[in-house]
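J.: the following block contains a protein sequence and its predicted model.
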Amino acid sequence: MTPDEILRMELRPVRERHDDPEIDADLDWKELHPHARNELKALTPENAEFVALHLAMAARLIEMDPERAHQHAISASRRGGRIPAVRETLGLTAYTIGDFALALRELRTFRRISGSVDQVALEVDCERGLERPERGLELARSIDRSKLSDVAAVNLAIAMSGARLDQGNAALALAELEIPHLKPDTAFAYSPTLFLAYAEVLDELDRAREAKQWRERADVAQSALDEAFGTAEEAEEFEVVTEYDEPEAPDFSNFVTADELPEDVPDELSNGSDTELVEVEADSDADDETEVLPDEPVGDAEAPKVAE
């Protein structure tokens, strides 16, 4: 064994004891998103079932019991650390309990092994939680905005605005929110949140009248959305997933081995590994500042058109 290998063994943290939380008796594996189920085909049948159940439990509990959801995510990560959805779930649950260092590590790894940038806003928020807003802004500027969904783009703008506020610059915070999605006459799913964030920054700038108008717009937009699609709870019942076909019960006959997985995934994350998860750094070459759009005209709040 080389001196470098010995040193790595000495520096490797000892794995903490973890007791797998119980699975609800009524849990259905179909509660897991089809995309995640497809990813689990990279595991052995035994590990795939174990990871699927704990991921489904984490999704079920993340809003009402985030601590318990996080324990399920940890269990899933111990057998499915190579799976992007596992790393994403662990990052999300860590974020909900305020463990920003762990959340940042896991979400960064998720972005690296999946290629998805849709959770980058949470990475920026994690940097803010670690009192490093400048690093959050640097990360945000390094992202290709054309790869972001509309919701992810809005979330990133809100996170960048918050980072500007952390730096004490409310004027730039407002500019970060002046994006093409800030349309007062059209209600998208993200509009109420964006309008409220805009109002908060206007308050910071002592522009109370305009802030009040944007809060009114947020209320009108939310009412229009509720009337068109029902409340958030009702809308979930009508959610349609079009990106993936609904799979049948998991077929484990075509699973690949660990040797067939991407080479850039650390060996420490192999199936059933008893080693601690390690951080995978992502490149962050910063681009130029985001173009700032001019202010939208502010007027009385009117019923917006609901985007289909």
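T.: Arrived safely, thanks for sending.
J.: ok, residue 110 touching residue 119?
T.: Yes: in this structure residue 110 lies within contact range of residue 119 using C-beta atoms under 8 Å: 6.5 Å. C-beta: built from backbone N, CA, C; applies to glycine.
J.: any shared contact partners between these two?
T.: 88, 91 (C-beta atoms under 8 Å, 6 or more residues apart in numbering).
J.: for those two, indicate the residue with more neighbours.
T.: residue 110 (27 against 22; other C-beta atoms under 10 Å).
J.: what helix or strand does the closest residue to residue 40 other than its chain neighbours sit in?
T.: Closest residue to residue 40 apart from its sequence neighbours, by C-beta to C-beta, 6 or more residues apart in numbering: residue 48 at 4.4 Å. Residue 48 is part of helix 45-61, with elements assigned from DSSP states H and E.
J.: helices or strands up against that helix?
T.: helix 34-39, helix 66-80, helix 84-96 (3 or more C-beta pairs under 8 Å, 6 or more residues apart in numbering; DSSP states H and E).
J.: ranges for the helices of the stretch 101-250 of the chain?
T.: For the stretch 101-250 of the chain, helices defined by DSSP state H, counting those that start in this stretch occupy the ranges 120-129, 133-141, 150-166, 170-177, 191-204, 208-229, 232-236.
J.: out of those, which is the most enclosed?
T.: Comparing the helices of the stretch 101-250 of the chain by mean neighbour count (mean count of other C-beta atoms under 10 Å), helix 120-129 ranks first with a mean of 24.
J.: and that one, average pLDDT?
T.: In this model, helix 120-129 has a mean pLDDT of 98.
J.: low pLDDT regions in the stretch 201-308 of the chain?
T.: 231-308 (pLDDT under 70).
J.: list the contacts of residue 50.
T.: 75, 76, 79.
J.: and which of these is nearest to residue 146?
T.: residue 76 (31.7 Å; C-beta to C-beta).
J.: quick check: closest non-adjacent residue to the closest one.
T.: Using C-beta to C-beta, 6+ apart, the closest residue to residue 76 is residue 54 (4.0 Å).
J.: and for residue 136?
T.: residue 127 (3.4 Å).
J.: for that neighbour, give its distance to residue 51.
T.: As for residue 127, its distance to residue 51 is 29 Å (criterion: C-beta to C-beta, to the nearest Å).
J.: now residue 183
T.: Taking C-beta to C-beta, one finds residue 183 at 41 Å from residue 51.
J.: again with residue 141
T.: Applying C-beta to C-beta to residue 141 and residue 51 gives a distance of 35 Å.
J.: number of nearby residues for residue 38?
T.: Residue 38: 14 neighbours (other C-beta under 10 Å).
J.: got the contact list for residue 192?
T.: 218, 219, 221, 222, 225.
J.: adding distance to residue 202, write those out as a markdown table.
T.: Converted to a markdown table, these look like this (distance: C-beta to C-beta, whole Å):
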| residue | distance to residue 202 |
| --- | --- |
| 218 | 12 |
| 219 | 16 |
| 221 | 16 |
| 222 | 18 |
| 225 | 22 |
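J.: which of those sits closest to residue 166?
T.: For those, the nearest to residue 166 is residue 218 (22.8 Å; C-beta to C-beta).
J.: just give the nearest non-adjacent residue to that closest one, would you?
T.: residue 195 (3.8 Å).
J.: measure stretch 139-147 end to end?
T.: 15 Å (C-alpha to C-alpha, to the nearest Å).
J.: no further queries at this time; thank you.
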